[in-house]
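Q: pasting a predicted model and its sequence here:
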Amino acid sequence: MKNRFKVIEGYKDKEIKKEYKFVKAMATNTRLMGVVGVYIQWKDHEQNNFHQLFHLDYEEYGIDNYKGVTEDNILKTEILKMMGGLGGDLVEITLEEAKFLIKKAIEKNPVESKEWIDQIENFHMIDRDNGLNEQEEILLLNKICIEVSNTNELINYYIMRSVGIDRDGIRYLSNNEMKIDFVKKPSILLKNTVEKLEEDKYIVESIIDLNGKYKLVVSEIRLKNKKVYNIEIKSQMRISPQEAAFSLRKREYIMLYLIKDKSKFLELIEKKKPHGMINDYEGGTLITEFNSNNNHVKEDIYYLSGDIRGIYYITDSNQLVVGAYDEKRAAKISEELEVEYKDLLINIKNIHLENSIIYQFVHSGETNILDFIYEDK
């Protein structure tokens, strides 16, 4: 559920091909989530830095976002904006490995990627000699994939890669060339429940979003040598949006504030949370803050929304609606808000709900959450 960027910033002059000297490259170790952030640093003949940031999607979109940065003083912020929501760490890679990652993303979706390639300064250098042999590819994957710590994590990642039709990810997590199709095109794993039957044998229940339609798949997975050895689909059936919503329901902790100066608050929160994903809606601005890791994948019940730390919705009626799915985390966020924005916010009400409603409110276009919650009561 992380960033899907579509804004393209500027156009390059295709007649000018400036040469740079490579300095270093890094990538996020988030390949098992289906996305990787790549950073490349170059210097020109005058020793000026040129930084390139890529957001690469290996399920559907290919090159998903790109930005070139020449100002060193904003680099850290721009890296957080591009990669801070991925939940991983940056690890050092070679230039050849960086070029290979970009090449593989382009192969996933050449049409969508070309939209970005046309904007990438220096692409003529990135596009050179970008092949790795099989052993080199395995070494790269070991760098950009975290070490799986338990069977829940292995199975959750495997189902996630299968639902995203990510063949490289599937091969990395399995020890044979199984081909099993959960879906016909890349889709989203909303929830995955893992239950142990016996040693190295598990029953798995998966709820999948098929672009607004929903499917429940029950499969049996066998493990061997800490890899998926065999998978067999036991049943699959379409379920209604209501059935999916019922299964995905989670407790929600909402904190409601009145904003004294909305423009100042927006400026400040965007500065303090550059890693947050910002989206504009009819009734306000939504900022989604993700966890700094992907530990939610280790649980026996995986939720797509498990990577969300907090939800901040600034409405056009000057309400700040903050949501979290964990009571302790909600208390921590409340403490942070009251320290960092104490002169800009007035706490109105805290609400504990058995079922999440904040996204319904965001999509409703309404701007007063109290009216939205209590209108039928």
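A: Looks like it arrived, so ask away.
Q: any weak-confidence spans in the stretch 1-150 of the chain?
A: 1-17, 128-130 (pLDDT under 70).
Q: now do 50
A: 1, 3-15 (pLDDT under 50).
Q: in it, which spans are strands?
A: With DSSP state E, counting those that start in this stretch as the criterion, the stretch 1-150 of the chain has strands at 21-28, 35-43, 49-57, 62-69, 90-93.
Q: residues near residue 258, how many?
A: 13 (other CB atoms under 10 Å). In this view, the C-beta of every residue, glycine as well, is placed from N, C-alpha and C.
Q: is it in a helix, a strand, or coil?
A: Counting by DSSP: H, G, I helix; E, B strand; the rest coil, the backbone at residue 258 sits in strand.
Q: going forward, the N-terminal residue is numbered 31.
A: OK, 31 is where the count begins now, so the last one is residue 288.
Q: what sits against it?
A: By CB atoms under 8 Å, 6 or more residues apart in numbering, the residues touching residue 288 are 348-350, 375-376, 378.
Q: just put the strands of the stretch 31-180 of the chain in TSV and tack on mean neighbour count.
A: Output for the strands of the stretch 31-180 of the chain, formatted as TSV (neighbours: other CB atoms under 10 Å):
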stretch	mean neighbour count
strand 51-58	17
strand 65-73	23
strand 79-87	22
strand 92-99	22
strand 120-123	16
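Q: of these, which approaches residue 201 most closely?
A: strand 65-73 (16.3 Å; CB to CB).
Q: now for the closest one, which elements pack on it?
A: Counting contacts by 3 or more CB pairs under 8 Å, 6 or more residues apart in numbering; DSSP states H and E, strand 65-73 is packed against strand 51-58, strand 79-87, helix 105-113, strand 120-123, helix 125-138.
Q: quick one on the thing from earlier: quick one: which of the contacts of residue 288 is nearest to residue 63?
A: Once CB to CB is applied, the member of the contacts of residue 288 that ends up nearest residue 63 is residue 350, at 29.3 Å.
Q: among the helices and strands packed on strand 65-73, which comes closest to residue 202?
A: helix 125-138 (12.8 Å).
Q: quick one: the closest one to strand 79-87, angle?
A: 40 degrees (axes from the mean of the first three to the mean of the last three CA atoms, to 10 degrees).
Q: now the angle between strand 92-99 and helix 125-138, please.
A: Here helix 125-138 runs at an angle of 130 degrees relative to strand 92-99 (the same axes, to 10 degrees).
Q: if I take helix 125-138 and strand 51-58, what angle do their directions form?
A: 60 degrees.
Q: which of the residues in helix 125-138 are classified as buried?
A: By neighbour count on 16 or more other CB atoms under 10 Å, the buried set for helix 125-138 is 125-132, 134-136, 138.
Q: tell me how far the closest residue to residue 375 other than its chain neighbours lies from residue 347.
A: Among residues not flanking residue 375 along the chain, residue 287 sits closest, at 4.3 Å (CB to CB, 6 or more residues apart in numbering). According to CB to CB, to the nearest Å, residue 287 and residue 347 sit 12 Å apart.
Q: which one of the two has more residues nearby?
A: residue 287 (23 against 15).
Q: was I right about that one contacting residue 348?
A: No. With contact defined as CB atoms under 8 Å, residue 287 does not reach residue 348; the gap is 9.3 Å.
Q: using CSV, write out every CA atom in stretch 313-325.
A: The C-alpha trace of stretch 313-325 is given here as CSV (Å, rounded to 0.1, in the frame of the first residue of the first chain):
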residue,chain,number,x,y,z
GLY,A,313,-12.6,17.2,1.7
GLY,A,314,-9.0,17.7,2.6
THR,A,315,-5.4,16.4,2.6
LEU,A,316,-4.3,12.9,3.7
ILE,A,317,-0.8,12.1,5.0
THR,A,318,0.0,8.5,5.6
GLU,A,319,3.0,7.7,7.7
PHE,A,320,4.5,4.2,7.4
ASN,A,321,6.5,2.2,9.9
SER,A,322,10.3,2.2,9.6
ASN,A,323,10.3,-1.6,9.1
ASN,A,324,8.2,-4.3,7.7
ASN,A,325,7.9,-6.4,10.8
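Q: what mean pLDDT does that stretch get?
A: What stretch 313-325 shows for mean pLDDT is 96.
Q: for stretch 232-243, same thing?
A: 96.
Q: show me how far that stretch is from its chain's centre.
A: Centroid displacement of stretch 232-243 relative to its chain, using CA atoms, centre = their mean, to the nearest Å, is 18 Å.
Q: ditto for stretch 384-395
A: 21 Å.
Q: gap between the two ends of that stretch?
A: 22 Å (CA to CA, to the nearest Å).
Q: same check on stretch 292-310?
A: Stretch 292-310 stretches 14 Å from its first residue to its last (CA to CA).
Q: that stretch: which residues count as buried?
A: Buried-residue list, stretch 292-310, by 16+ other CB under 10 Å: 292, 295-296, 299, 303-308.
Q: same check on stretch 199-219?
A: Those would be 199-200, 202-204, 212-213, 216-219, for stretch 199-219 by 16+ other CB under 10 Å.
Q: now the two most distant members of those residues.
A: Across those (CB to CB), the longest gap, 20.9 Å, separates 204 and 218.
Q: tell me the mean pLDDT for stretch 369-387?
A: On average, stretch 369-387 scores 94.
Q: typo on my end, stretch 253-272
A: pLDDT averaged over stretch 253-272 gives 95.
Q: right, I'll leave it there.
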